[in-house]
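1. The sequence and its predicted three-dimensional model are supplied below.
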Amino acid sequence: MDALLMQQAREKAYAMPLDQIDMSDPALFETDTCWPYFERLRKEAPVHYCKDGRYGSFWSITRFKDIMAIDTNHAVFSSEAGGISIFDRPPQLHFPMFIAMDPPKHSGQRLTVSPIVAPANLARLQGLIRTRVCDILDNLPRGETFDWVERVSINLTTQMLATLFDFPFEDRKLLTYWSDVAATFPEKGALVETPEEKREILMKCLEYFTRLWNERIAKEPGPDLISMMAHSPATQNMTPAEYLGNLILLIVGGNDTTRNSISGGVLFMNENPGELKKLRENPALIPSAVSEIIRYQTPLAHMRRTALQDFEFGGKQIRKGDKVVMWYISGNRDDETIDRPNEFIIDRERPRHHISFGFGIHRCVGNRLAELQLSILWEEILARKMDIKIVGAVERTPSNFVHGITKMPVQVSV
């Protein structure tokens, strides 16, 4: 963003009465102007009540330590009571998923799918990921403008999702489509405009995956996510709605975190050429750089909890039934916890000290897989001495939930 736009956003953020700040407005994220609003809330109202937000009333939790406190207090702040996003799901979109479950049911379902990202399986996937990364990078046009998001970010993550599900490879673009639909809040002008339209599309997703479930349950247990769920006592008796809920969770979780960090990494290196130079001169910094990319991008801007009882927090009285929104995107820019948080620094002293993956029992189950894909991608970019330049306007996702990049025109030279 240019300096003038940021200055205008800052002036507006600080001139507005505190009680009128509505961090649920998707335009703040699409225009990348959310930062001064979060900065002000962290300073002046770290536990902030918005009475008339776009998606109803809610509390905003914006400081790193406060987010950790909410995220680990399951007795008071429930994932299950109202779902994980600020958008209140209508009944026709209520699909239970383990990230939106409280202990103890959450644990059994999470443990069912966690072997897919165990160290031994990640080691097995490493060669496959590298082969695909090399194929994608070697087939990019040179000296021509193309969309990095489409050609690299979506391509790589969709191939990985197809592998994790053992999903028919020729149909893998359906996974990206269903992920985008699942993460969209239905409203006019959005990818889906009504809850009914969203449900209809997701029912087709369920129908497809039910065929795969029936195939897998008739066979010996395999190493893919569908087989794991079909053969595990914790998940084999799920209702169709629960199966769909967990599919949505795994598809969105496996897609958005990695996809938007792949795009964000290229953007941040363009904006900070000194950091790219540092990385080229010392490729051993790749693991640290990957963590910094994930922090700086924060692919999921928030997670929501619902208060199960009246509770005083940060000097404010939260009432039973209130929506409590943990803004991970703000916590990752909290200067009380992270040194120089608004700077992109690939050799930070504690690069993994961020909350992009959440915190506590709901911490992203696939975080190591996301890091592995990003690490291999940057290893191969550096090995090829690729120069990736952004040559046009970067378009961002109009969402307060998925903090994403939808288009990024680039040119590659070596």
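-> Yep, it's here.
2. next structured bit after the helix or strand bottoming out on mean pLDDT in the chain?
-> Scoring the helices and strands of the chain by mean pLDDT, DSSP states H and E places helix 105-113 at the bottom, with a mean of 55. Using DSSP states H and E, the helix or strand that follows helix 105-113 towards the C-terminus is helix 119-138.
3. next helix or strand past the strand or helix carrying residue 178?
-> Using DSSP H and E, residue 178 maps to helix 173-183. Sequence order places helix 195-217 as the next helix or strand after helix 173-183, per DSSP H and E.
4. Just give the nearest non-adjacent residue to residue 276, would you?
-> The shortest distance from residue 276 to any non-neighbouring residue, by CB to CB, 6 or more residues apart in numbering, is to residue 269 (4.2 Å). Bear in mind the C-beta positions are built from the backbone N, C-alpha and C, glycine included.
5. in which helix or strand would I find the one you found?
-> Going by DSSP H and E, residue 269 is in helix 240-271.
6. what do you get for residue 306?
-> Using DSSP H and E, the element containing residue 306 is strand 302-307.
7. For the residue nearest to residue 230 when sequence neighbours are not counted, list the residues it contacts.
-> Of all residues beyond its chain neighbours, the one nearest residue 230 is residue 217 (4.2 Å), with distances taken as CB to CB, 6+ apart. Counting by CB atoms under 8 Å, 6 or more residues apart in numbering, residue 217 touches 230, 231, 236.
8. For residue 217, give its distance to residue 237.
-> 11 Å (CB to CB, to the nearest Å).
9. roughly how far is stretch 242-261 from the heart of the chain?
-> Centroid separation for stretch 242-261 versus its chain: 9 Å, with CA atoms, centre = their mean, to the nearest Å.
10. Who does the strand holding residue 306 pair with, and is each partner parallel or antiparallel?
-> strand 77-78 (antiparallel), strand 323-327 (antiparallel) (DSSP bridges).
11. outside of stretch 393-406, which residues touch it?
-> So stretch 393-406 is contacted by 23-32, 85-87, 149, 153, 183-185, 190, 252, 256, 259-260, 263-264, 267, 297-302, 329, 407-409 (CB under 8 Å, 6+ apart).
12. Isn't residue 304 up against residue 323?
-> Yes - assessed by CB atoms under 8 Å, residue 304 is found in contact with residue 323 at 5.9 Å.
13. May I have the strand holding residue 306 as CSV, with CA atoms only?
-> Output in CSV follows, covering the C-alpha atoms of strand 302-307 (Å, rounded to 0.1, in the frame of the first residue of the first chain):
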residue,chain,number,x,y,z
HIS,A,302,-9.8,-14.5,13.4
MET,A,303,-11.4,-17.3,15.4
ARG,A,304,-14.5,-16.9,17.4
ARG,A,305,-15.7,-18.2,20.7
THR,A,306,-19.0,-17.9,22.5
ALA,A,307,-19.2,-17.1,26.2
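14. What lies in contact with it?
-> Under the criterion CB under 8 Å, 6+ apart, residues 58, 70-71, 76-79, 81-86, 318-329, 358, 362, 400-401 lie in contact with strand 302-307.
15. Does residue 280 touch residue 384 like I think?
-> No - Residue 280 lies out of contact with residue 384 (CB under 8 Å); the separation is 11.5 Å.
16. ok, back up a step: list the contacts of the helix holding residue 178.
-> By CB under 8 Å, 6+ apart, the list of residues contacting helix 173-183 reads 154, 157-158, 161-162, 165, 167, 191-192, 198, 201-202, 205, 208, 248, 251-252, 255-256, 399, 401-402.
17. out of those, which are buried?
-> Listed as buried from those are 154, 157-158, 161-162, 165, 167, 191-192, 198, 201-202, 205, 208, 248, 251-252, 255-256, 399, 401-402; burial here means 16 or more other CB atoms under 10 Å.
18. Show me what the helix or strand encompassing residue 43 is packed up against.
-> Element membership of residue 43 [criterion: DSSP H and E] is helix 35-44. Applying 3 or more CB pairs under 8 Å, 6 or more residues apart in numbering; DSSP states H and E, one finds that helix 35-44 contacts helix 3-15, helix 328-331.
19. Could you dump the ones you listed into TSV with mean neighbour count added?
-> Putting the helices and strands packed on helix 35-44 into TSV (neighbours: other CB atoms under 10 Å) gives the following:
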stretch	mean neighbour count
helix 3-15	12
helix 328-331	27
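20. Least confident of the ones you listed, on average?
-> The minimum mean pLDDT among these belongs to helix 3-15 (a mean of 91).
21. roughly how far out does that helix sit from the chain middle?
-> 27 Å.
22. State the next helix or strand along the chain beyond that helix.
-> helix 27-30.
23. Now that next one: buried residues?
-> 28, 29, 30.
24. For my notes, please list the residues you listed in CSV and give pLDDT for each entry.
-> Converted to CSV, the buried residues of helix 27-30 look like this (pLDDT from 0 to 100):
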residue, pLDDT
28, 95
29, 95
30, 94
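25. Please name the bridge partners of residue 147.
-> Counting by DSSP bridges, the residues bridging with residue 147 are residue 409.
26. My understanding was that it contacts residue 392; is that so?
-> No - at 9.3 Å, residue 147 and residue 392 do not qualify as touching, with contact defined as CB under 8 Å.
27. in the protein, which ranges drop under the pLDDT threshold?
-> 1, 90-117, 360-366, 414 (pLDDT under 70).
28. Can you tell me how far residue 2 is from residue 189?
-> Distance of residue 2 to residue 189, given as CB to CB: 26 Å.
29. nope, residue 252 is what I meant
-> 21 Å.
30. residues near residue 270, how many?
-> 16 (other CB atoms under 10 Å).
31. Please apply the same query to the one 5 residues further on.
-> The criterion is other CB under 10 Å. On that basis, residue 275 has 19 neighbouring residues.
32. Kindly indicate whether it is helix, strand or coil.
-> helix (DSSP: H, G, I helix; E, B strand; the rest coil).
33. From here on, call the first residue 32.
-> I'll keep to 32 as the first residue from here, and by that count the last item is residue 306.
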